[in-house]
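# Dropping the sequence and predicted coords here.
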Amino acid sequence: MLAGPAVMRLRTAAAQQLSGDHVFFERAAAGTPHIGKVLAAIQAHSDDIPLSASGTVAKLVKEGYTGYLVRATNDDMGDLPGLGTPGSIGENVLGNERDNDEVARVLGLKRVFNLNYNNHRMGDVSLNELICRLIFLIRLLKVDTVVCWDPWAHDEENPDHYMIARGVEAACWMAGREHDYPEQFAAGLKPHEVRDKYYFARRPEITRVVDISSVVDQKVEANRANRAKGPGGHHGSQLRTELAKRNQRLPLLGDDDATADRSYIKEFLLEGDRELGRKHGVEYAEAFHYVGPGASGAAGPSTEEYIRQHAVPLK
Ligand SMILES: [Zn+2]
């Protein structure tokens, strides 16, 4: 039987979880507090970051981070009927390569790295190869913070999403260790551990909500760049054209194609961001399972403090 105070502690913890008290709300920072730090936005496909985390990536870059975009697959499978642009496997590869470069440009990211695994086929790529490639990039770019899929999230069906996420989680920790892939040090790299992680997911375990209201137009542009796949791209202007053939129009879609694309994305794709923002008293927000510094638990035993308190002279 549990003692009274222990039961109360358990109940309190459960109540805090249920009421959402454990969620940290990240506001827009003044100035550029992150200057000198490096961010890696890591995605399986060209539309992952745009849909789930491009507001946060744009916010962190605006606040001083130097950012890079890493894409694990070549997106050769395209997308569902009705999403993106229909095309052959080869056309999907080229279209998404161009779109991904444009996503990086509109988010202010410095460079793109494409790992070029086949789309939907990452289930049996060598996890150790993936980890090694990511460790190399973390050490080369001196990455402090990553934004990626959550390796442990529920309801994820796409193997590319959870495989890149598992590779990232392991690499973030191993990159800081001197006995993992030491031959990289002979090429001039140094151990470099990633400090914190913003994980996004279809059904996130939300521990952090980020206010993206001030950069929402960049999120719209990142999704407008995804023409070959995804629900953004040119769907707004296509809808406007279809309606005109039926002698109809939606005032929402405006008078030109670019306005139609932007308004469509803001109204329909960012509906969830708007709803989350409303709950927190801002216009738009994104949700993350955030993992802070020291999560790998490598602090070690508290021997030094014990010695300080208890050591006595030998004689
Ligand atoms: Zn994806």
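On my side now, so go ahead.
# Which parts of the stretch 151-300 of the chain are helices?
Under the criterion DSSP state H, counting those that start in this stretch, helices of the stretch 151-300 of the chain are mapped to 159-174, 183-186, 216-225, 235-245, 257-264, 271-279.
# May I see those helices arranged in a markdown table, with mean pLDDT, mean neighbour count and distance to Asp47 as well?
For glycine as for every other residue, the C-beta is placed from the backbone atoms N, C-alpha and C. Formatted as a markdown table, the helices of the stretch 151-300 of the chain follow (pLDDT from 0 to 100; neighbours: other Cβ atoms under 10 Å; distance: least, Cβ to Cβ, whole Å):
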| stretch | mean pLDDT | mean neighbour count | distance to Asp47 |
| --- | --- | --- | --- |
| helix 159-174 | 97 | 23 | 12 |
| helix 183-186 | 98 | 11 | 32 |
| helix 216-225 | 98 | 24 | 8 |
| helix 235-245 | 97 | 16 | 12 |
| helix 257-264 | 98 | 20 | 15 |
| helix 271-279 | 98 | 15 | 15 |
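# Arg308: which of these is closest?
helix 159-174 (28.7 Å; Cβ to Cβ).
# Would that closest one count as contacting the ion?
No: counting by Cβ under 5 Å from the ion, the ion is not contacted by helix 159-174; separation bottoms out at 5.6 Å.
# From here on, call the first residue 8.
All set: I'll call the first residue 8, so the last point we hit is now helix 166-181.
# Relative to the whole chain's centre, how far out is that helix?
Remark: helix 166-181 is offset 12 Å from the chain centroid, using Cα atoms, centre = their mean, to the nearest Å.
# residues contacting the residue in the chain that the ion sits nearest to?
Taking Cβ to the ion, the ion has its nearest neighbour within the chain at His52, 3.5 Å off. By Cβ atoms under 8 Å, 6 or more residues apart in numbering, the contact set of His52 is 78-80, 82, 103, 126, 167, 236.
# In strands, which of these appear?
The strands, defined by DSSP state E, take in 78-80 from the contacts of His52.
# Take the helices of the stretch 158-307 of the chain and lay them out in a markdown table including distance to Trp156.
Formatted as a markdown table, the helices of the stretch 158-307 of the chain follow (distance: least, Cβ to Cβ, whole Å):
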| stretch | distance to Trp156 |
| --- | --- |
| helix 166-181 | 4 |
| helix 190-193 | 25 |
| helix 223-232 | 17 |
| helix 242-252 | 24 |
| helix 264-271 | 25 |
| helix 278-286 | 17 |
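# Of all those helices, which one is nearest Phe207?
helix 166-181 (9.6 Å).
# That closest one - contacts with which helices or strands?
strand 45-50, strand 73-80, helix 134-148, strand 152-156, strand 203-207 (3 or more Cβ pairs under 8 Å, 6 or more residues apart in numbering; DSSP states H and E).
# okay, those in a markdown table with distance to the ion and mean pLDDT next?
As requested, the helices and strands packed on helix 166-181 are exported to a markdown table (distance: least, Cβ to the ion, whole Å; pLDDT from 0 to 100):
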| stretch | distance to the ion | mean pLDDT |
| --- | --- | --- |
| strand 45-50 | 7 | 98 |
| strand 73-80 | 8 | 98 |
| helix 134-148 | 16 | 98 |
| strand 152-156 | 8 | 98 |
| strand 203-207 | 11 | 97 |
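# Tabulate these (TSV), appending distance to Ala35.
Compiled in TSV, these are given as follows (distance: least, Cβ to Cβ, whole Å):
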stretch	distance to Ala35
strand 45-50	16
strand 73-80	17
helix 134-148	25
strand 152-156	17
strand 203-207	15
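# mind giving me TSV with the ones you listed and columns for mean neighbour count?
Formatted as TSV, those follow (neighbours: other Cβ atoms under 10 Å):
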stretch	mean neighbour count
strand 45-50	26
strand 73-80	25
helix 134-148	19
strand 152-156	26
strand 203-207	22
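# Surely Leu76 and Ala111 touch.
Yes: with contact taken as Cβ atoms under 8 Å, Leu76 and Ala111 are classed as touching, separated by 4.3 Å.
# between the two, what contacts are shared?
Listed as contacting both Leu76 and Ala111 by Cβ under 8 Å, 6+ apart are 118-119.
# Any idea how many residues pack against Asp263?
Using other Cβ atoms under 10 Å, Asp263 has 10 other residues around it.
# And Pro189, by the same measure?
Neighbours of Pro189 under the rule other Cβ under 10 Å: 11.
# Thanks again, I'm all set now.
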